[in-house]
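*Asks:* A structural model of the following input is requested.
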Amino acid sequence: MHGRVGLNLFIFIAAVCIGMFMPLRSDAKTPPTIKAGKWGFEADYLFGKIFKHTKPVNHVPKELSQGFQVDFFMKTYGNKPWQKPLNFPEIGGTLLFIRFGENKVFGDVIALMGYAKFYMYRSSVVDLYTRIGAGYGYMTRKYDYLTNPTNNLISTAINLSVQIKIGMEWKVEPHVLLTTAFSFNHFSNSATNLPNYGANLLMGSFGIRAIPVVRDQTYNCERAKDFKKNEIMWMYTLGIQETYGFNGPKYPIHSGTVAYARYTSPGNKLFAGLSYEYLRSVHDFVVYNDILTKHGADFESSAASVVLGDEILVGRVGMHYSAGVYLWKNMSTYTPIYFKLGANVYFAQFGKRQRFKFFVGNYVKAHTSIAQANEFSLGGCF
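*Replies:* This next block holds a predicted model:
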């Protein structure tokens, strides 16, 4: 039994589209100077429901889930090379609180997330945007075989929190904007502890944005021409998964990846490469149960794949989305295709012409809609 991660294919395709086509959108004529602010706050009221996304989920609340979120945000105006290609995105942090329906069973969640907001359309009246945020949340109620068996969505107090939002900002005046939005919210421990089907919510929201300091802001619309186009990436990843049912042992997944990356702009790169991983849980299962296989336990616990992906680069943070296709089928490959969603944090570049840089990352690996592991990575680029 594994955890669920909803809408992985949709998220992967949407992320690649944002990364590839956002640079084209930024070529639209942007007013060189506007009356605006560089920072501000937003407060929103959210309402919606948890939906049942897989049959093994015991129960989802029929009552409405409600909450609020408070954001601190920073506007960009093209001072860094990555800002113009991404159409001058907004970056910020969020404090999210949701009180789930049937609260005695499902409890509350308090989450801290970072986010990036990408503007798809701007006018003097309203702005249309897509926003992607991720972080971690604390759940006040979780699965317990004796005291709370109904809630098999979440089995740990600390969980990954993901929010994808599509919304509009209505410009009342330079200091105040009204907001309306629709969001998909996901909470999961990425199969590090079972059961972990994950809580998925569809929510509507409305709120207000306050910009304390407003003054003339000038967009830097100069196109970067001398940015690095080609890159070689390497990465070691350690995954953690629970196996063999509730309260089973936790096993590591070791993997290594080498890929070629091509920058479409300073704010985005596409990459393709090869990955190899070793699952100790499969090896021990074969050995301890005396299972006879054609190629042996080492082969059954190894998997190689071709990896394709995209990273949207917001400053030193890379929003990582990738898909892998396994090169062979064995006990380690649940499905032919898997997905990884997460983020990399890059350190300062160094060396001649600053061509070398290192990064650390955190991802969720999932086979279509089944979470396999929570992964932590260390890698570099040159």
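*Asks:* C-alpha only now, for contacts and for neighbours.
*Replies:* Will do.
*Asks:* Domain-wise, how is this structure divided?
*Replies:* 3-25+34-218, 230-381 (automatic domain parsing).
*Asks:* I'd like the ones you listed written out as a markdown table, with mean pLDDT and mean neighbour count added.
*Replies:* Formatted as a markdown table, the domains of the chain follow (pLDDT from 0 to 100; neighbours: other CA atoms under 10 Å):
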| stretch | mean pLDDT | mean neighbour count |
| --- | --- | --- |
| domain 3-25+34-218 | 89 | 19 |
| domain 230-381 | 89 | 18 |
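*Asks:* can I get these in JSON lines with distance to Ala224?
*Replies:* Below are the domains of the chain laid out as JSON lines (distance: least, CA to CA, whole Å):
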{"stretch": "domain 3-25+34-218", "distance to Ala224": "6"}
{"stretch": "domain 230-381", "distance to Ala224": "8"}
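*Asks:* Specify the beta-bridge partners of the most centrally placed residue in the chain.
*Replies:* Nearest to the mean C-alpha position of the chain, by CA atoms, centre = their mean, lies Gly342 at 4.4 Å. Taking DSSP bridges as the rule, Gly342 bridges to His320, Tyr363.
*Asks:* Now do the contacts for it.
*Replies:* Neighbouring residues of Gly342 by CA atoms under 8 Å, 6 or more residues apart in numbering: Met319, His320, Tyr321, Gly361, Asn362, Tyr363, Val364.
*Asks:* Go through those residues and say which is closest to Gly37.
*Replies:* Closest approach to Gly37 among these (CA to CA): Met319, at 25.5 Å.
*Asks:* contacting residues around the closest one?
*Replies:* Glu311, Ile312, Leu313, Gly342, Ala343, Asn344.
*Asks:* picking that back up, any idea how far the residue nearest to the centre of the chain lies from Gly114?
*Replies:* Noted for Gly342: a distance of 12 Å to Gly114, by CA to CA, to the nearest Å.
*Asks:* what does Arg122 give?
*Replies:* 23 Å.
*Asks:* what does Ala261 give?
*Replies:* Using CA to CA, Ala261 is found at 25 Å from Gly114.
*Asks:* go on, Leu292?
*Replies:* To Gly114, Leu292 is 48 Å away according to CA to CA.
*Asks:* Repeat that for Ile312.
*Replies:* According to CA to CA, Ile312 stands 14 Å off from Gly114.
*Asks:* Same check on Asn103?
*Replies:* Counting by CA to CA, the gap from Asn103 to Gly114 is 26 Å.
*Asks:* what does Arg316 give?
*Replies:* 13 Å.
*Asks:* Could you do Ile154 as well?
*Replies:* Ile154 is 22 Å from Gly114, by CA to CA.
*Asks:* could you pull out the strands for the stretch 251-382 of the chain?
*Replies:* Here the stretch 251-382 of the chain has its strands, by DSSP state E, counting those that start in this stretch, at 268-279, 302-314, 317-326, 337-346, 357-367, 370-381.
*Asks:* Against which helices or strands is the last one packed?
*Replies:* Spelled out, that is strand 370-381. In terms of contacts (3 or more CA pairs under 8 Å, 6 or more residues apart in numbering; DSSP states H and E), strand 370-381 is packed against strand 3-4, strand 230-242, strand 357-367.
*Asks:* List of residues touching the second one?
*Replies:* Where contact means CA under 8 Å, 6+ apart, the residues beyond strand 230-242 that reach it are 190-194, 248-263, 372-382.
*Asks:* and the angle for it with strand 357-367?
*Replies:* 50 degrees (axes from the mean of the first three to the mean of the last three CA atoms, to 10 degrees).
*Asks:* partners of strand 230-242, with directions?
*Replies:* By DSSP bridges, strand 230-242 pairs with strand 250-265 (antiparallel), strand 370-381 (antiparallel).
*Asks:* and these as JSON lines, adding distance to Ala36?
*Replies:* Listed next are the strands paired with strand 230-242 as JSON lines, based on distance: least, CA to CA, whole Å:
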{"stretch": "strand 250-265", "distance to Ala36": "26"}
{"stretch": "strand 370-381", "distance to Ala36": "37"}
